[in-house]
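fold the following and give me the result.
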Amino acid sequence: MNWKFLLTGIGIGGFVLYFSSCSKTSEDKLSGSANCDTMNVKYSTQVVAILNDNCYECHKGSGIVTSGSNVNLGDYAHVKQYVDQGWVKSAITHDGTVTPMPYQRPQLPDCEIKTILAWINAGAPNN
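Residues are numbered from 1 along each chain as shown. Down below sits the predicted model:
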């Protein structure tokens, strides 16, 4: 009888351990900034992909209404407005001047922050 409980406990523990080790985070995010290419960052590819993965849930289209946020990052013109005001940089670097983003989640991976900052430092072009 005790063996059944022991084996069941080990099985359940192994199952939990296996699935808790899984992550949807890509390998390049896990490996740090060693593979982080911030040369020639493009809004239409790299920046939009980061926004899509981390921001659009609350800051694009109908999500703005449901999240209680009035910050719309749904198109270049809106993003550029917040970049020019310094809000994007402050939000992603968690510098304390605006609400840190993503809201109530961990800070973006270093490579994603560096990618957005490189784009901002290049003048935030619509490319």
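
pLDDT below threshold where in the protein?
Along the chain, the parts satisfying pLDDT under 70 run over 1, 4-34, 62-68.

how about the helices in it?
Along the chain, counting by DSSP state H, helices occupy 2-20, 27-30, 48-54, 56-59, 63-67, 76-84, 87-93, 110-121.

the inter-axis angle of the last one versus helix 76-84?
With axes from the mean of the first three to the mean of the last three C-alpha atoms, to 10 degrees applied, the angle from helix 110-121 to helix 76-84 works out at 90 degrees.

neighbours of the residue nearest to residue 46 when sequence neighbours are not counted, how many?
In space, and not counting its chain neighbours, residue 46 is closest to residue 115: 5.3 Å by C-beta to C-beta, 6 or more residues apart in numbering. Heads up, the C-betas are built off the backbone N, CA and C, glycines and all. Counted by other C-beta atoms under 10 Å, the residues lying close to residue 115 total 21.

residues in contact with residue 115?
36, 38, 41, 46, 47, 50 (C-beta atoms under 8 Å, 6 or more residues apart in numbering).

out of those residues, who has the most neighbours?
Going by other C-beta under 10 Å, residue 47 tops the contacts of residue 115 with 24 neighbours.

how about that one: what's its closest non-neighbour residue?
residue 119 (5.3 Å).

that neighbour - how many residues pack around it?
Count around residue 119 with other C-beta under 10 Å applied: 23.

brilliant, that's me finished.
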